[in-house]
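# structure for this input, please:
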Amino acid sequence: MPNTPVAATKSPSITLRFMAAPNDVLFAGAQGVSGGRVLEWIDKAAYACAAQWSGTYCVTAYVGHIHFTRPIPSGHIVEVRSRIAMTGRSSMHIVNEVLSADPRQGVFTRACDCLVIFVAKDAVTGRPTPVPEFVPSDDEERRVAEAALSRIDLRKAIEAEMSEQSYTDDSTAPILVNRFLAKPTDVNWGGNVHGGTAMEWIDEAGVACTMEWTGERTVAVYAGGIRFYQPIHIGDLIEVEARLTRTDSRSLHTSIHVRSGDPRGGRDSLTDAIHASVTYIGIDVDGNPLPARKFTPVTEEDKRLWEHTQTLKDLRAEYEPVPLVRVPGAAQRRD
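Modelled structure (predicted):
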C-alpha cells in the first residue's frame, strides 16, 4: 500500500543562521556589517516566514520600528529570527530579531529588531490573496500580537504625515542621488527586486549623504518607516535620493526616496517605489558617537521638512507602542 503524504503543519516562525562575511561590510575600517545588509538579511528571513505561513509568493509592504543597537563584526555567527505576530486578510505582521556571536564563545546578543509586513499574492492574478489566520497560543505570543496591533495607528499616522510632504529642487539641504539600472541579480523569485536589496540601496545613499555632510563615518541607528509602493523590475532605471532633513545634537535625520521606471523615458518617467525615513549618527574610530554637524534650514521647503521630521518624532512619543521584543536580562548561549 503506497504511503500517503502527510500535510506539514505550518510553522509561524523561522530562524536563519550563517556567518557574516567580509563583503558584508560597506567600507574599509567600518565597525561592522552595514545597516543595509542587516535589512537585507531580515527581508529574506521574513519572506521565508511569510511564504511558509501563506503557502504562496509574498511581497514586502512595510518595514518599520527598526532599531540598530550595535554593530555586527565580520566573522560573527548571525541568527535572524522571524515570527508571525498577527495576520490580516492577506497581510502578515512579522517580528524580526537579529543576533550575533563570536563563534569562539557562542554567546548571542541582539543587534537589531524590527517589524516587517508582507502581503500574500495570488500566483495567477498577482492580486492579494487570503492567508491562514494566526491565533496566539500562549502568553508571549499574545503579548507580541498586542505589540504589533499597537503599532497600526502609529504606522498609519506616520504614513499620512510622510505622504503629505513634497520634495522639489527648492532646497539648500545636503542631497545625494545615485542612479543605476536594476540588474538580474537583484531580483527575487517573483521576478521583482528584493525588498532587502532595495533597502541596502537606501542605506548606502543615506550613509554617503550623511558622511559627505559630517566628514565622519556614519551608521544607521533607527528607521521609523520604509513604505513600498510599487515593484521594481529588471532593467528599470533606479534613482535613490537621500536628503538631510534635520540635525539634533547627535542625530542626522534623512528622507530617502527610491524611484524607478523605464530608462527610455529618462528621469521624467520615474515614479516613487519606496520612501524611507532613516536616522544616522557620526562615529569615531572606536565607534563612539560624535556631535552632529548642524544643518540650518534656509528655504521654506527646508523649514517645512525640518518640522516634518520633528512631527515624526512626536508621533512616536505620542503613541508609545508596546515593545515588540523583550530585552533579556542576560546574553543567550547556544550550545
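
# poorly predicted segments of the stretch 151-300 of the chain, please.
Nowhere does the stretch 151-300 of the chain drop to pLDDT under 70.

# where exactly do the helices run in it?
Secondary structure of the stretch 151-300 of the chain (DSSP state H, counting those that start in this stretch): helices at 152-163, 195-214, 300-319.

# against which helices or strands is the second one packed?
Okay, so that is helix 195-214. When contacts are defined as 3 or more Cβ pairs under 8 Å, 6 or more residues apart in numbering; DSSP states H and E, helix 195-214 packs onto helix 35-54, strand 58-68, strand 175-181, strand 217-228, strand 237-247, strand 251-261, strand 271-283. (Glycine included, C-beta is placed from N, CA and C.)

# now these in JSON lines, with distance to Leu324 and mean neighbour count?
JSON lines is the format used below for the helices and strands packed on helix 195-214 (distance: least, Cβ to Cβ, whole Å; neighbours: other Cβ atoms under 10 Å):
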{"stretch": "helix 35-54", "distance to Leu324": "13", "mean neighbour count": "24"}
{"stretch": "strand 58-68", "distance to Leu324": "7", "mean neighbour count": "23"}
{"stretch": "strand 175-181", "distance to Leu324": "31", "mean neighbour count": "15"}
{"stretch": "strand 217-228", "distance to Leu324": "14", "mean neighbour count": "22"}
{"stretch": "strand 237-247", "distance to Leu324": "26", "mean neighbour count": "23"}
{"stretch": "strand 251-261", "distance to Leu324": "22", "mean neighbour count": "24"}
{"stretch": "strand 271-283", "distance to Leu324": "18", "mean neighbour count": "22"}
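
# nearest to Val98, of those?
Val98 lies closest, by Cβ to Cβ, to one member of the helices and strands packed on helix 195-214: helix 35-54, at 5.8 Å.

# what number of residues lie near Ala20?
Using other Cβ atoms under 10 Å, Ala20 has 20 other residues around it.

# do I have it right that it meets Val80?
No. Ala20 is not in contact with Val80 according to Cβ atoms under 8 Å; the separation is 11.1 Å.

# need the overlap of contacts for these two.
When contacts are counted by Cβ atoms under 8 Å, 6 or more residues apart in numbering, the set common to Ala20 and Val80 is empty.

# how near is Ser91 to Lys121?
Going from Ser91 to Lys121 by Cβ to Cβ, to the nearest Å gives 11 Å.

# the helices of the stretch 151-300 of the chain into JSON lines, with extra columns for mean neighbour count?
Supplementary listing: the helices of the stretch 151-300 of the chain in JSON lines, determined by neighbours: other Cβ atoms under 10 Å:
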{"stretch": "helix 152-163", "mean neighbour count": "16"}
{"stretch": "helix 195-214", "mean neighbour count": "24"}
{"stretch": "helix 300-319", "mean neighbour count": "16"}
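
# Val63: which of these is closest?
Per Cβ to Cβ, nearest to Val63 of the helices of the stretch 151-300 of the chain: helix 195-214, 6.9 Å.

# next up, the contacts around Ile94.
By Cβ under 8 Å, 6+ apart, the contact set of Ile94 is Ala46, Cys49, Ala50, Ser82, Arg83, Ile84, Ala85, Leu115, Val116, Ile117, Phe118.
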